[in-house]
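Student: Could you look at this predicted model? Sequence included:
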Amino acid sequence: MRRVLLLAGSPRAGGVSLMLGRELLERMAGQGPAMEAQTLRVSGLLDAQEGRARLHAAFAWADTVVLSAPVYVDSPPAQVLKALEFLAAEPWRGEQPKRFCALFCCGFPEASHTDICLDVSRIFARKAGMEWAGGLGFGGSGALGGETLAARGRMAAPAVRALDLAARALADGRPVPIEARELAARPLIPKPLYLLLAESGFLAQAWKSRSLTRLGAQPFAEQ
Amino acid sequence: MRTILFDAAPPEDDACRQGLDALRRALTDEGCSVRTFTLGRMAISPCRGCFACWIGTPGRCPFEDASREAAQAVAGADLLAVYSPVDFGCWSSEAKKALDRMVCLVSPHFAFSGLTRHRPRYASLPALLGVGWLAEPDPEAAGVFARLVEHNAYNLHAPAQRAVLLERDDWSRQRQVCRSALRGMFQ
């Protein structure tokens, strides 16, 4: 029986990174031997002893851990780093090394914004005595929003293929292949169009919030 | 030079705090007037990723805590110096909690040239000096940290940036390393 833990790093309940993590786990479940999975959201988890115990127990239970998170200010969100610090404090060296895989998504169109997060994840795996199973970085996450990738139709085809390849490799005990990482990094729509749509989205939200004329406010400007 | 220092050194880690002391001294040596935010003693909640600081209350996070004062100070500074342990090539969670909340200092609008980033909200934002503490030598983590500081500076529209890593060393040498970095930034 394979035991997979999904660590969801977004503070938002319906975030794209959580959806991508779930999609990967669904695909992994469809490959190879039977698989049990559990999901833990790291947001607020370490604030109480009970949460720390839950994270510790889930981590000890899993043989493969998948971290899925957004990029915040070029690196993993603070809450994710707190969880990694907590877990690295106890190196996990069993008979079979635990495997660690990471998915990061970013609202900018270029997937290269996720590179540092994947590097941080790789170093975490080394420090925690785990086997680095590779990762995927998705740019343009605004275009991936929704319940499932299937709902995004053909536009999400490279992301779907990336997750398929990653799931198969992880199920076979291999690291995520380069081809999957390249597919994940492929822009879903041309960058100018993506930026136009994203900008329009912000403006529409601002219109609804009646803040359209104040978007450039400088509340901390010196008087 | 108006300088804001984000201190994320754990209070119980004497070796790490020695580096902080060396950095502080280097800053005053170079004529900086330093205001320190000791992050471990401040009530700062993690960013919720709600974008309210861009859309709902543009320029400030609607959740009032100590990060607001820190953001205001950073907006009016010439230099932001961040000191933090570097565990995985990244800021510690304590430092990152504050840095995540500085997203209100940039605009939701995109800058359309080069690698995508948001436009600055203010006419000028401070230069960024990232000083990391590495308890043990780790070239891989050092390389990632240098890239991280460079990216942070790019996205925060910092006019200059330097990444410095301090390891177990003599205090005066640590101070000299920090002084050299400061001079290099503003030459």
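Tutor: Sure thing, it's come through. Numbers count the residues shown, from 1 in each chain, chains lettered A, B, ... in the order given.
Student: now the strands: where do they sit in chain A?
Tutor: Secondary structure of chain A by DSSP state E: the strands cover A:2-8, A:35-41, A:64-70, A:99-105, A:131-138.
Student: Tell me which residues of stretch A:91-105 come out buried.
Tutor: Within stretch A:91-105, the residues that count as buried by 16 or more other Cβ atoms under 10 Å in any protein chain shown are A:92, A:98-105. In this view, the C-beta of every residue, glycine as well, is placed from N, C-alpha and C.
Student: Please disregard the earlier target; I meant stretch A:59-74.
Tutor: Result for stretch A:59-74 [16+ other Cβ under 10 Å]: buried residues A:59, A:62, A:64-74.
Student: Stretch B:5-16 too?
Tutor: Residues of stretch B:5-16 classed as buried by neighbour count (16+ other Cβ under 10 Å): B:5-9, B:16.
Student: Next step: the residues you listed restricted to strands.
Tutor: Counted as lying in strands by DSSP E, out of those, are B:5-7.
Student: Can you name the residues that contact residue 90?
Tutor: Reading this off chain A. Counting by Cβ atoms under 8 Å, 6 or more residues apart in numbering or on different chains, A:Glu90 makes contact with A:His56.
Student: could you do chain B instead?
Tutor: A:75-76, A:81, A:116, A:120, B:96, B:144-145, B:148.
Student: does the residue most central in space within chain B count as helix, strand or coil?
Tutor: The centroid of chain B falls nearest to B:Val82 when counting by Cα atoms, centre = their mean (3.3 Å). With DSSP: H, G, I helix; E, B strand; the rest coil as the basis, B:Val82 sits in strand.
Student: Give me the subset of the buried residues of stretch A:59-74 that also touch chain B.
Tutor: A:70, A:72-74 (Cβ under 8 Å from any Cβ of the partner chain).
Student: Low-confidence stretches in chain B?
Tutor: Across chain B, nothing is flagged by pLDDT under 70.
Student: ugh, typo on my part, it should be chain A
Tutor: A:93-96, A:222-223.
Student: Quick check: which helices or strands does the biggest helix by length in it pack against?
Tutor: Identified as the longest helix of chain A according to DSSP state H is helix A:191-208. When contacts are defined as 3 or more Cβ pairs under 8 Å, 6 or more residues apart in numbering or on different chains; DSSP states H and E, helix A:191-208 packs onto strand B:106-111.
Student: which residues sit against the strand it packs on?
Tutor: By Cβ under 8 Å, 6+ apart, the list of residues contacting strand B:106-111 reads A:195, A:198-199, A:202, A:206, A:215-216, B:51, B:54-55, B:58, B:116-121, B:155-157.
Student: List the strands paired with it, with their directions.
Tutor: According to DSSP bridges, strand B:106-111 forms sheet pairs with strand B:117-120 (antiparallel).
Student: ok, of the buried residues of stretch A:91-105, which one's closest to A:Arg2?
Tutor: For the buried residues of stretch A:91-105, the minimum distance to A:Arg2 (Cβ to Cβ) is 10.1 Å, reached by A:Arg99.
Student: circling back to that earlier point, so which of the buried residues of stretch A:91-105 are also by chain B?
Tutor: Answer for these near chain B: none qualify (Cβ under 8 Å from any Cβ).
Student: Columns distance to B:Gly130 on top of those, output as JSON lines?
Tutor: As requested, the buried residues of stretch A:91-105 are exported to JSON lines (distance: Cβ to Cβ, whole Å):
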{"residue": "A:Trp92", "distance to B:Gly130": "30"}
{"residue": "A:Lys98", "distance to B:Gly130": "31"}
{"residue": "A:Arg99", "distance to B:Gly130": "31"}
{"residue": "A:Phe100", "distance to B:Gly130": "26"}
{"residue": "A:Cys101", "distance to B:Gly130": "28"}
{"residue": "A:Ala102", "distance to B:Gly130": "23"}
{"residue": "A:Leu103", "distance to B:Gly130": "26"}
{"residue": "A:Phe104", "distance to B:Gly130": "21"}
{"residue": "A:Cys105", "distance to B:Gly130": "25"}
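Student: Name the residues linked to the most centrally placed residue in chain A by a beta bridge.
Tutor: Centroid-nearest residue in chain A: A:Ser68, 2.4 Å away (criterion: Cα atoms, centre = their mean). A:Ser68 has these beta-bridge partners by DSSP bridges: A:Ala8, A:Leu103.
Student: What of the one 4 residues further on?
Tutor: The residues paired with A:Tyr72 through beta bridges, assigned by DSSP bridges, are A:Ser75.
Student: thought it was touching A:Ala78?
Tutor: Yes - applying Cβ atoms under 8 Å as the test, A:Tyr72 and A:Ala78 come out as touching, 7.4 Å apart.
Student: what residues are shared contacts of those two?
Tutor: Joint contacts of A:Tyr72 and A:Ala78 (Cβ under 8 Å, 6+ apart) are B:47, B:96, B:100.
Student: ok, the buried residues of stretch B:5-16 vs A:Arg210, which is closest?
Tutor: Distances from A:Arg210 to those, taken by Cβ to Cβ, are shortest for B:Phe6, at 33.9 Å.
Student: who does the closest one bridge with?
Tutor: The partner residues for B:Phe6, given DSSP bridges, come to B:Phe37, B:Val82.
Student: For B:Ala98, see how far away it is.
Tutor: According to Cβ to Cβ, to the nearest Å, B:Phe6 stands 6 Å off from B:Ala98.
Student: shared neighbours, these two?
Tutor: In contact with both B:Phe6 and B:Ala98: B:37, B:39, B:70, using Cβ under 8 Å, 6+ apart.
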